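Chemist: Need a 3D model of the sequence below.
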Amino acid sequence: MPESFDELIELLDLEELDLDLYRGFSPPGDVGRERVFGGQVAAQAMVAARRTVDGERRAHSLHGYFLRSGDPTVPIVYHVDRIRDGRSFTTRRVVANQKGKAIFNMAVSFQVPEKAWEHSFTMPEAPDPESLPGNAERMHALLGDKANPAILERLTRKGPVEIRFCDPPDWQPSEGEDCNTMVWLRVRGDLGDDPRVHTCAMVYASDYTLTSTVMRPHGLHWATGRVMSASLDHAMWFHADARADEWWLYVEDSPSASGARGLARGSIFAHDGRLVCSVAQEVLLRPWQGTGDGVRGRPDKKS
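Modeler: Numbers count the residues shown, from 1 in each chain. As a prediction, this is how the structure comes out:
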């Protein structure tokens with residue numbers, strides 16, 4: 001994952017190779033990681049799709065599948081297929097490839113802005129984000145002296161996205177826990193005023209925290225339990241524009257887990273209370289079968 005706001009901006013600035021063909025890179029700090037962060041691939045695919053669409057049209061939905069683990073040391077090539085250009089809607093298909101094989105496939109639809117009937121859920125009551133401990137403080141409280149120093153250092157890096165969980169400061173995973181959670185997030189730094197840039201940044205950040213929501217009722221946490229997890233798919237519906245560099249509330253739940261798969265859902269509310277996006281993701285969740293000190297494993301051949 002990017003270690004700074006500047007690295008996030010570079011990550012979203014794809015190189016154009018040819019018509020409808022783009023190349024993206026992983027941050028330098030990801031070279032030693034097991035796989036490419038799913039939010040990175042989804043966000044870069046959204047950037048590629050957006051490059052082929054009239055600037056007036058806004059993304060209203062995306063549906064993506066993670067097909068293979070991405071290699072952070074290898075560039076990712078994105079091919080955009082211009083499925084349809086209609087009067088109101090534009091549809092694109094994006095395939096991300098490494099070493100000649102597809103690692104991610106996404107369909108995204110754009111729409112000309114229109115006005116009609118409106119309604120939405122109301123944002124639930126939540127603590128002010130500035131009153132909550134940061135992620136580094138939360139990880140220290142969660143892991144204490146049990147953590148491998150190298151793992152703790154990786155988990156507490158500042159990174160381009162600031163995260164504030166609404167859990168109590170002394171929260172610990174426990175079996176039978178409610179599978180609902182609320183998290184405040186924002187990108188560190190000024191993204192400017194182009195709403196399309198904020199949409200791509202929100203796609204990136206939306207992949208944070210969903211897996212841990214699926215783990216909650218089982219007393220698991222990816223930073224402490226020996227569990228292998230991986231995103232299988234990711235879907236988003238964009239209801240309204242919002243700034244990704246201002247606090248937004250991620251309200252999440254997990255209605256089901258079975259067959260080594262768990263479903264997580266999220267509602268994203270802007271700080272002013274507007275529901276701006278809905279998210280759904282299915283994750284692979286298996287007991288860790290690897291060796292060493294890692295906290296998460298690479299999906300095995302069965303996936």
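
Chemist: From here on, just use CA atoms for contacts and neighbour counts.
Modeler: Fine.

Chemist: Export stretch 4-18 to CSV, keeping only CA atoms.
Modeler: The C-alpha trace of stretch 4-18 is given here as CSV (Å, rounded to 0.1, in the frame of the first residue of the first chain):
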residue,chain,number,x,y,z
SER,A,4,2.1,8.6,1.7
PHE,A,5,-0.4,10.8,0.0
ASP,A,6,2.0,11.6,-2.8
GLU,A,7,2.4,7.8,-3.5
LEU,A,8,-1.4,7.5,-3.7
ILE,A,9,-1.6,10.3,-6.3
GLU,A,10,1.2,8.6,-8.3
LEU,A,11,-0.7,5.3,-8.0
LEU,A,12,-3.8,6.8,-9.6
ASP,A,13,-1.8,8.5,-12.4
LEU,A,14,-1.8,5.7,-15.0
GLU,A,15,0.5,5.7,-18.0
GLU,A,16,-1.3,5.6,-21.4
LEU,A,17,0.2,3.0,-23.6
ASP,A,18,-2.2,3.1,-26.5
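
Chemist: what does that stretch contact?
Modeler: 2, 22-27, 40, 43-44, 47-48, 158-161, 187-189, 200 (C-alpha atoms under 8 Å, 6 or more residues apart in numbering).

Chemist: make it 10 Å
Modeler: Here stretch 4-18 makes contact (C-alpha atoms under 10 Å, 6 or more residues apart in numbering) with 1-2, 21-29, 40-41, 43-48, 51, 76-79, 157-161, 187-191, 197, 200-201, 204.

Chemist: Just those: which are in strands?
Modeler: Residues from these lying in strands, with DSSP state E as the criterion: 21, 22, 23, 24, 76, 77, 78, 79, 161, 187.

Chemist: Can you lay out these as TSV showing pLDDT?
Modeler: Converted to TSV, the ones in strands among the contacts of stretch 4-18 look like this (pLDDT from 0 to 100):
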residue	pLDDT
21	98
22	98
23	98
24	96
76	97
77	98
78	98
79	98
161	93
187	96
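
Chemist: Please tell me which one of these counts the most neighbours.
Modeler: Neighbour counts for the ones in strands among the contacts of stretch 4-18, by other C-alpha atoms under 10 Å, peak at residue 78, which reaches 30 neighbours.

Chemist: quick one: residue 138 is in a helix?
Modeler: Yes. Read with DSSP: H, G, I helix; E, B strand; the rest coil, residue 138 is one of the residues of a helix.

Chemist: and it, how many neighbours does it have?
Modeler: Neighbour number of residue 138 under other C-alpha under 10 Å is 22.

Chemist: ditto for residue 26
Modeler: Quick note: residue 26 (other C-alpha under 10 Å) scores 25 neighbours.

Chemist: That one is in contact with residue 41, isn't it?
Modeler: Yes. With contact defined as C-alpha atoms under 10 Å, residue 26 counts as touching residue 41 (9.2 Å).

Chemist: Give the residues shared as contacts by the two.
Modeler: Residues touching both residue 26 and residue 41 by C-alpha under 10 Å, 6+ apart: 11, 12, 70, 76.

Chemist: quick one: least confident helix or strand in the chain?
Modeler: Across the helices and strands of the chain, mean pLDDT, DSSP states H and E gives its lowest value to helix 149-155, namely a mean of 67.

Chemist: How confident was the prediction at residue 148?
Modeler: At residue 148, the predicted lDDT confidence score is 63.
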